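Participant: Sequence and predicted structure, then a few things I'm wondering about:
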Amino acid sequence: MHDNDLRYALRENELHLEARIAEAKADLTRWVVGAGILQTSLIIGVLLKVTKPI
């Protein structure tokens with residue numbers, strides 16, 4: 001019985017960690033996409049400012 005309890009606890013921890021890893025991947029993807037959009041907007045803004053005649 002003790003062995004089954006240990007296996008159950010390990011499996012429960014494994015599932016919890018898998019969920020946290022998936023959440024971290026989603027957060028990382030969100031940050032990368034956001035940073036890419038921000039960088040693109042900044043570059044476009046600078047290019048428009050530089051090429052715009054005064």
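Facilitator: Happy to help now that I have it.
Participant: How about the secondary structure of the one residue sitting closest to the centre of the chain?
Facilitator: With distances taken as Cα atoms, centre = their mean, residue 28 lies nearest the centre of the chain, 1.5 Å away. When classified by DSSP: H, G, I helix; E, B strand; the rest coil, residue 28 comes out as helix.
Participant: Report pLDDT for it.
Facilitator: pLDDT for residue 28: 97.
Participant: shaky segments in this protein?
Facilitator: By pLDDT under 70, the low-scoring segments of the chain are 1, 54.
Participant: what about the helices in it?
Facilitator: For the chain, the helices defined by DSSP state H occupy 2-51.
Participant: Tell me, how many residues neighbour residue 24?
Facilitator: Using other Cβ atoms under 10 Å, residue 24 is surrounded by 10 other residues. (Glycine included, C-beta is placed from N, CA and C.)
Participant: swap that for residue 19, please
Facilitator: 10.
Participant: could you measure residue 49 against residue 9, distance?
Facilitator: Plainly put, residue 49 is 59 Å away from residue 9 if you go by Cβ to Cβ, to the nearest Å.
Participant: re earlier: who touches the residue nearest to the centre of the chain in this structure?
Facilitator: Shown in contact with residue 28 (Cβ atoms under 8 Å, 6 or more residues apart in numbering): no residues.
Participant: now residue 38
Facilitator: With Cβ under 8 Å, 6+ apart, residue 38 has no contacts at all.
Participant: Next one: it from residue 11, what distance?
Facilitator: Distance from residue 38 to residue 11, by Cβ to Cβ: 41 Å.
Participant: Ok, residue 18 next?
Facilitator: Residue 18 is 10 Å from residue 11, by Cβ to Cβ.
Participant: which neighbours do these two share?
Facilitator: Common neighbours of residue 18 and residue 11 (Cβ under 8 Å, 6+ apart) do not exist.
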